[in-house]
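Q: what's the 3D shape of this:
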Amino acid sequence: MEKHRCGWCVGDPLYEAYHDQEWGVPVYDDDTLFEFLILETFQAGLSWITILRKRENFRKAFDRFDYKKIATYDEAKYESLLQDPGIIRNKLKIKATITNAQNFMKIQEEFGSFSKYIWAFTDNKPIQNSFGNYKDAPANTPLSDAISKDLKKRGFKFVGTTVIYAHMQATGMVNDHETGCFRYKEVQQT
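A: Below is the predicted model:
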């Protein structure tokens, strides 16, 4: 019998694999949190499947999402990224990635880890939502508004409330799997 999945991923093997293995699983590792922050930044205004299809290209172009290296990118590296056809070549998003890497490390210095900082907004546990249809999930919430505002205050770019809510969904800060999805209960127990 076919497993029921959230409607947004059905029909594309790459989307389904991402949904089944990653989406909504609580992430406490700074490296992975940064990777998703960068991918969500580039996703702004585009579809997530576009980003997933280019994920390996992003990984190569951005030194495996090593924020310590990205924070030191110079003008030459920036220019080379603008010429890379494998990624989204948006000047502002590339600059934002460098700036966000620098600010990411400032948060680590202040809080001990980015994970401690971001998860404090949810009292260190995932918010369990219960939507029967993925279309009922919000694009943003008062909590994503608050996180977005705080990150912007700390100098982050391309971290609007919708980007942040998508980040929260991807990294399991909220469980927005459809209640009928086979992953809903599995993610709940992680």
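
Q: Name all residues that make contact with the residue nearest the centre of the chain.
A: Centroid-nearest residue in the chain, with Cα atoms, centre = their mean: Phe36, separated by 3.1 Å. Contacts for Phe36 (Cβ atoms under 8 Å, 6 or more residues apart in numbering) come out as Val27, His167, Ala170, Thr171. For the C-beta atoms, the positions are set from N, CA and C on the backbone; glycine is no exception.

Q: residues in contact with the first one?
A: Read it as Val27. The neighbourhood of Val27, defined by Cβ under 8 Å, 6+ apart, consists of Leu33, Phe36, Ser115, Ala170, Thr171, Gly172.

Q: any idea which of these is the one closest to Lys60?
A: The closest of the contacts of Val27 to Lys60 turns out to be Phe36 (Cβ to Cβ; 17.3 Å).

Q: any idea how far that closest one lies from Trp23?
A: Here the distance between Phe36 and Trp23 works out to 10 Å (Cβ to Cβ, to the nearest Å).

Q: got any residues that touch both of these two?
A: Taking Cβ under 8 Å, 6+ apart as the criterion, Phe36 and Trp23 both touch Ala170.
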